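Trainee: need coordinates for the below:
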Amino acid sequence: MGEDDEISSSTHSIDPLNEPPNGRYPARVDAKGRLQLPVRFQQYITGLREKKLFCTSLDRRIGQIYPISVWRANKKFFGEYREDPQAAARISFNAQDLGADSEMDKDGRVLLPPEMRRELGIENQSVHLIAFKGRIEILSEPIYAERKRLATASAADDLEKLERSGLQ
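Mentor: Purely as a prediction, here's the structure:
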């Protein structure tokens, strides 16, 4: 199995021996900027072939932690995207401007870049973690509340639409 087979995303297949966690997990960014990962996320990252991570924000609202293999695929995507190359350049800029390489330490913590922490308002704050499309999303309390409100408001209609399209 290659490095790109480690994790689920639109261009990666799931490694059945190391699936990303399901569900939402509470976590905290400490005063030193370290995100204490829940045990299930620690197990997941430990199971990756490459331990290097890329921590960033693409939209300057929600943080992401990418396994480096997924981030490599994203960098390739940015370089090859022809529908709107300027959009790709802007998102790539956001990622590089707020991002940095990191690794999980022996205590299950990941140091987040200071620029990202400040931009997202997550310094010394509680956050919510969700595995999605090959990355770990870091949601601040206000962003989590906004997403929950939007998802709740349209849940019945969304569910009906998806079930008609094959959701089981």
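Trainee: isn't residue 100 right up against residue 55?
Mentor: Yes: if you go by C-beta atoms under 8 Å, residue 100 and residue 55 touch, sitting 6.1 Å apart. From N, CA and C alone the C-beta is placed, and that goes for glycine too.
Trainee: is residue 60 located within a helix, as I assumed?
Mentor: No: counting by DSSP: H, G, I helix; E, B strand; the rest coil, residue 60 falls outside a helix, being coil.
Trainee: what is in contact with residue 100 and residue 55 at once?
Mentor: Shared contacts of residue 100 and residue 55, defined by C-beta atoms under 8 Å, 6 or more residues apart in numbering, comprise 113, 116.
Trainee: pass me the low-pLDDT residue ranges in this protein, would you?
Mentor: 1-16 (pLDDT under 70).
Trainee: for it, what spans make up the strands?
Mentor: In chain order, the chain shows strands spanning 24-29, 34-36, 53-57, 63-67, 100-102, 109-111, 126-132, 135-140, with DSSP state E as the criterion.
Trainee: mean neighbour count and distance to residue 84 added to these, as a markdown table?
Mentor: Converted to a markdown table, these look like this (neighbours: other C-beta atoms under 10 Å; distance: least, C-beta to C-beta, whole Å):
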| stretch | mean neighbour count | distance to residue 84 |
| --- | --- | --- |
| strand 24-29 | 16 | 32 |
| strand 34-36 | 19 | 32 |
| strand 53-57 | 24 | 20 |
| strand 63-67 | 26 | 20 |
| strand 100-102 | 16 | 26 |
| strand 109-111 | 21 | 31 |
| strand 126-132 | 18 | 23 |
| strand 135-140 | 23 | 21 |
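Trainee: need these in JSON lines with distance to residue 119, can you?
Mentor: Listed next are those as JSON lines, based on distance: least, C-beta to C-beta, whole Å:
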{"stretch": "strand 24-29", "distance to residue 119": "13"}
{"stretch": "strand 34-36", "distance to residue 119": "15"}
{"stretch": "strand 53-57", "distance to residue 119": "7"}
{"stretch": "strand 63-67", "distance to residue 119": "9"}
{"stretch": "strand 100-102", "distance to residue 119": "13"}
{"stretch": "strand 109-111", "distance to residue 119": "16"}
{"stretch": "strand 126-132", "distance to residue 119": "14"}
{"stretch": "strand 135-140", "distance to residue 119": "10"}
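Trainee: for residue 164, which of these is the nearest?
Mentor: Closest of these to residue 164 is strand 126-132, at 23.1 Å (criterion: C-beta to C-beta).
Trainee: just checking, what packs against the closest one?
Mentor: strand 24-29, helix 39-46, strand 135-140, helix 141-153 (3 or more C-beta pairs under 8 Å, 6 or more residues apart in numbering; DSSP states H and E).
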